[in-house]
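Novice: Make a model of this:
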Amino acid sequence: MKEKIKLEEFFAFGENEPIQRLAYSKEDVDYKVKIIKKMQELGMKIKVDKVGNICATLKGNGKSNKSIILGSHTDSVKDGGQYDGPVGVLSGLKVIEEIIQKVEDKKLDLDCDLKVVIWACEESNRFGKACLGSKWVEGTLEEKDFEMKEKLDKKEEDKLTLGKAINEYMEYLKSADIEPMESVDKILSIEEILKAYEIHIEQYQYLYEHGIDVGIVNSITAPYRMEVEIKGKDVIVDAATLVVKLNERAKEAEKDNKYRATVPIIDIKQERISDSDFFFNIELLGKDDHSGATPMARRKDAVLTASKFVLELNRRIKEEAYPFKVYFEEINTKNDSMNKVSGNSNILLGIDANGLSKEIITDILSLLVEDVAKGEGVKSSSKKIGRKLNRRYEKLNNKCNEEKCEMKLDVRMQTKTNPEEMFTELTDTISAIAKETGNNYYCQKTDKAEPVKTSTKMANQVEEVCNERGVKSVIMPSWAGHDVAHISIPEKMLLFIKSTGGSHNPLENTTKQDIEKGIIALEGTVEEDIKQVNRVVCKMEYLNNNSISGIVENENTRTKKGAIRKILFGMAEARKLGVEVPKKVQKEIRQEIMVNRDNIEK
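Specialist: Residues are numbered from 1 along each chain as shown. Here you go, the predicted model:
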């Protein structure tokens, strides 16, 4: 076997440059090509399918027609971290290395196939939906979805459909310096999967803070996404009210392990800018973080902070606490990712000074901003702006025309949550706000999935392997969605390794040693899976090489029934593991059942 894969070739440990590997981009293809070359060096056969999934297969000896699946994704959010996704792909390949070595050393028989998958378009920031690759294999991504347009901040005419983005991606792959890959409709079928594993950074730091190496995930959250549009007057206040109330409800729900909620994107579009004496611009700087994995109380959410500022300022305005007038002009975020807690938001206020010094007004507002931001752990900066603004909006003589606010909501549910009840709860909250203000609301579900439980049996197996190999582990839920959750097989497992700095931001961090701990746990578990197949293969060969009647006859009358049932159980296990049951065995066991019918019925 060639020189082993070095993790340092794929990760710049200790550095935190922003990653821009958007799904189907040239940057993502370039990274994938590096991995594909390593796959080919390991003797793996490569396939690519209609949505860009890539699958590398290490062929077994054919005694089982099932496959064990490893892998994750390589695409990132905008300004993301370097470990989210690729850790799972590279860990899978490191496991393959170990298995190949043990097969070559005659320490293991590979009776089934091993496959490492690079799932396409796991992140939702480009097309508004997550895990497109795994959904395609599962059959829940439809042909009409290929007409979805990008959700990125572009001119409408520049936005690509999913289909066109995939075409560009395929052209990038063709031009790369790699051997030909087989093009297929789907890289694999659900029926062929024996077990599926994904290993991932935690995306928060529970493991790090508690000195634990590996998290064994027992349930995986599902994203439930909505778009909310508000039309009317003073929609900024309505939007702020909704953000704050949603946050309060989510904090309570999180205590019962139900759901977390985020407003990652908010944008106010007005038909006019007030004819004010001057404008006051506020920038709030929190921290970009994963909208599922980050606990509600440990966020530095710039959208929530902006909303609390708007409500507090609005309260003071209504109470006539200030001798000057304030108009809410804009609020927006520098974020186009549905799965991010937004670390940045901007507020624009119009000010009528009523003869008061601009400097005094600026000081009053700056102190209020600082006070609210400090309470949320967010930094703030503010400045006054002159009257002349290069605006894309049309001034309409300060008439109060209709305003429009567009918001996007990302809710992460755990298995205790009923999705429809949660949706009703959210819409009831919105309706109550609308009733008070008389504004119009429109809500639309844009993406939803069911939270899933992983295999308890597999969790116990991983835990046992960790104990044997000196890897500290804990059972825990995942508040982030992952590709393995979309594969509808009972035996699937998600593992976490330690990470710090959150996720979906450049500060996302782990170490080579932490990745290696995860690889130890994964390799040990996969090896046990292979040995399980080995045992069943040996059992079928034994039954085929011996008389079933003789095996049963060696038992006394009281245990003949048990002997027959044991053989039947072994045959059922063989079918489950994709191992062929010899026709001789099938024929002879039927004969034994007939001969011993009376004994069996007793």
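
Novice: tell me, what residue is most central in the chain?
Specialist: Against the mean C-alpha coordinate of the chain, by Cα atoms, centre = their mean, the closest residue is residue 481 at 3.3 Å.

Novice: Leaving out chain neighbours, which residue sits closest to that one?
Specialist: residue 223 (5.2 Å; Cβ to Cβ, 6 or more residues apart in numbering). (Each C-beta comes from the backbone N, C-alpha and C, glycine too.)

Novice: I'd like to know how far residue 410 sits from residue 509.
Specialist: Note on residue 410: its distance to residue 509, by Cβ to Cβ, to the nearest Å, is 23 Å.

Novice: And the pLDDT for residue 543?
Specialist: At residue 543, the model reports a pLDDT of 95.

Novice: Do I have it right that it meets residue 570?
Specialist: Yes - counting by Cβ atoms under 8 Å, residue 570 is a contact partner of residue 543 at 7.3 Å.

Novice: between those two, who's got more neighbours?
Specialist: residue 543 (22 against 19; other Cβ atoms under 10 Å).

Novice: give me phi/psi at the more buried one?
Specialist: Phi and psi for residue 543, reported as degrees, to the nearest 10, are phi -60, psi -40.

Novice: element containing the residue lying closest to it once chain neighbours are set aside?
Specialist: Once flanking residues are discounted, residue 543 sits nearest to residue 585: 4.7 Å by Cβ to Cβ, 6+ apart. Counting by DSSP states H and E, the element that carries residue 585 is helix 583-595.

Novice: ok, now residue 365?
Specialist: helix 358-375.

Novice: Name the residues of that helix that are buried.
Specialist: 361, 362, 364, 365, 366, 368, 369, 372, 373 (16 or more other Cβ atoms under 10 Å).

Novice: related to what we said a few turns ago, am I right that the residue nearest to the centre of the chain is in a strand?
Specialist: No - the assignment for residue 481, made by DSSP: H, G, I helix; E, B strand; the rest coil, is coil rather than a strand.

Novice: for this protein, which spans come out with low pLDDT?
Specialist: Counting by pLDDT under 70, the ranges of the chain that qualify are 1-2, 269-274, 387-402, 555-558, 598-602.

Novice: quick one: the helices in the stretch 401-550 of the chain?
Specialist: 419-437, 456-468, 512-545, 548-553 (DSSP state H, counting those that start in this stretch).

Novice: Can you say which of those is packed in most?
Specialist: Most buried of the helices of the stretch 401-550 of the chain, by mean neighbour count (mean count of other Cβ atoms under 10 Å): helix 512-545, with a mean of 19.

Novice: name the helices or strands packed onto it?
Specialist: On a contact count with 3 or more Cβ pairs under 8 Å, 6 or more residues apart in numbering; DSSP states H and E, helix 512-545 meets strand 67-73, helix 86-104, strand 193-201, strand 214-220, helix 456-468, strand 492-497, helix 557-576, helix 583-595.

Novice: distance of residue 288 from residue 544?
Specialist: Going from residue 288 to residue 544 by Cβ to Cβ gives 59 Å.

Novice: again, but for residue 420
Specialist: 52 Å.

Novice: The stretch 201-350 of the chain: helices as residue ranges?
Specialist: Using DSSP H, counting those that start in this stretch, helices in the stretch 201-350 of the chain cover 206-209, 235-255, 302-318.

Novice: Let me have the ones you listed in a markdown table, extended by distance to residue 119 and mean neighbour count.
Specialist: Formatted as a markdown table, these follow (distance: least, Cβ to Cβ, whole Å; neighbours: other Cβ atoms under 10 Å):
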| stretch | distance to residue 119 | mean neighbour count |
| --- | --- | --- |
| helix 206-209 | 23 | 17 |
| helix 235-255 | 28 | 20 |
| helix 302-318 | 29 | 21 |
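
Novice: Out of those, flag the one nearest residue 436.
Specialist: If you check each of the helices of the stretch 201-350 of the chain against residue 436 by Cβ to Cβ, helix 235-255 wins as the nearest, at 8.6 Å.

Novice: who touches the residue nearest to the centre of the chain in this structure?
Specialist: The contact partners of residue 481, taken as Cβ atoms under 8 Å, 6 or more residues apart in numbering, are 130, 131, 220, 221, 222, 223, 292, 412, 449.

Novice: burial of the fourth one, as a residue count?
Specialist: Counted by other Cβ under 10 Å, the residues lying close to residue 221 total 26.

Novice: ok, for it, nearest residue in space, not its chain neighbours?
Specialist: residue 412 (4.3 Å).

Novice: just the strands in the stretch 51-200 of the chain please.
Specialist: Applying DSSP state E, counting those that start in this stretch to the stretch 51-200 of the chain gives strands spanning 54-58, 67-73, 113-119, 182-183, 193-201.

Novice: The shortest one packs against which elements?
Specialist: Translated: strand 182-183. strand 45-48.

Novice: swap in the longest one?
Specialist: For strand 193-201, the elements it packs on are strand 67-73, helix 86-104, strand 492-497, helix 512-545, judged by 3+ Cβ pairs under 8 Å, 6+ apart.

Novice: neighbours around residue 183, how many?
Specialist: Residue 183 is flanked by 11 other residues according to other Cβ under 10 Å.

Novice: beta partners of it?
Specialist: Per DSSP bridges, the residues bridged to residue 183 are residue 48.

Novice: quick revisit: if I pick the residue nearest to residue 543, what's in contact with it?
Specialist: Shown in contact with residue 585 (Cβ under 8 Å, 6+ apart): 540, 543, 544, 548, 567, 571.

Novice: correct me, but the third one touches residue 586?
Specialist: No - the pair residue 544 and residue 586 fails to qualify as a contact (Cβ under 8 Å) at a distance of 10.3 Å.

Novice: shared neighbours, those two?
Specialist: With Cβ under 8 Å, 6+ apart, residue 544 and residue 586 have no common neighbours.

Novice: returning to that earlier point: can you give the strand pairings for the helix or strand following the helix holding residue 365, parallel or anti for each?
Specialist: Using DSSP H and E, the helix or strand that follows helix 358-375 towards the C-terminus is strand 379-385. Paired neighbours of strand 379-385 in the sheet (DSSP bridges): strand 278-285 (antiparallel).

Novice: Since that was my last question, I'll sign off now.
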